[in-house]
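In: sequence? don't have it. structure:
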């Protein structure tokens, strides 16, 4: 794999703190994250609750409740700090939420078509959009009637995650950030999600897969695994690191552990 082009994602000593409603900045949550993710690779980010995984996902997409207090985060060599959320999406970033929001009154078909239009910067002709959606619905095992529902309104946990996968596959992002997409899924839904992630793998794209558990990594084999504890990456390695974490837990990887 060529390394002549800038990485998809490059984090250098990234420090992040929460921002309160009054504008005050709280205690740092991320305390110096360094990570390089190149096109064609999948990186898994593991860690227990409260380690900072979801904070990293949110700040990469520009959530206003977090502020970069030090270091840098670059996407294809460009500093992301200060770039609004919709521009990040247009540049090819996508965040798959752990808890997708319901949008009563907003139809799935309308939402997806507007999302694709927003990223492409132009309307999508029906003759292109409909067969594309149909192809992905069939691959995800979603009935066509799904398109007439309201976004995530009354959806089961598995349906919400299928909605996220459908959204991702339609947008075809350069960099997909998947925040605990495996949370609460039964084995069948987990396999559907994993197949979607694998379908998106290509030499031009990359994924950052955030998870508590190793089980999704049985179906999506990562190129690198990073363990985040208390806002710091304490260990990085190959796919077998995830299996070791699964068997030994996180405590042994407290900073300085052998």
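Out: Looks like it came in fine. Owing to the predicted nature of the structure, the values given are computational and were not obtained by experimental measurement.

In: okay, helices next: where are they in the stretch 101-250 of the chain?
Out: 108-120, 126-140, 157-171, 187-200, 240-248 (DSSP state H, counting those that start in this stretch).

In: between those helices, which gets nearest to residue 35?
Out: Ranking those by proximity to residue 35 (Cβ to Cβ) places helix 240-248 first, at 14.3 Å. The C-beta positions use only the backbone N, C-alpha and C, and glycine is treated the same way.

In: tell me which element residue 33 falls in.
Out: Residue 33 is part of strand 30-37, with elements assigned from DSSP states H and E.

In: neighbouring strands - and their directions - for that strand?
Out: Strand pairing for strand 30-37, using DSSP bridges, gives strand 9-18 (antiparallel).

In: residue 226: what's it in contact with?
Out: Going by Cβ atoms under 8 Å, 6 or more residues apart in numbering, residue 226 touches 35, 43-46, 233, 235-236.

In: how about a cut-off of 10 Å?
Out: 33-35, 37, 43-47, 53, 208, 210, 233-237, 241-242 (Cβ atoms under 10 Å, 6 or more residues apart in numbering).

In: which entries within the residues you listed meet the buried criterion?
Out: With burial judged by 16 or more other Cβ atoms under 10 Å, the buried subset of the contacts of residue 226 is 33, 35, 37, 43-47, 53, 208, 210, 233-235, 241-242.

In: closest one of these to residue 146?
Out: Using Cβ to Cβ, residue 210 is the member of these that sits closest to residue 146, with 25.8 Å.

In: beta-bridge partners for the closest one, please?
Out: According to DSSP bridges, beta-bridge pairing links residue 210 with residue 45, residue 179.

In: look up how far residue 54 lies from it.
Out: 7 Å (Cβ to Cβ, to the nearest Å).

In: and if you look at residue 176?
Out: With Cβ to Cβ as the criterion, residue 176 and residue 54 are 15 Å apart.

In: and residue 7, by the same measure?
Out: Residue 7 is 22 Å from residue 54, where distance means Cβ to Cβ.
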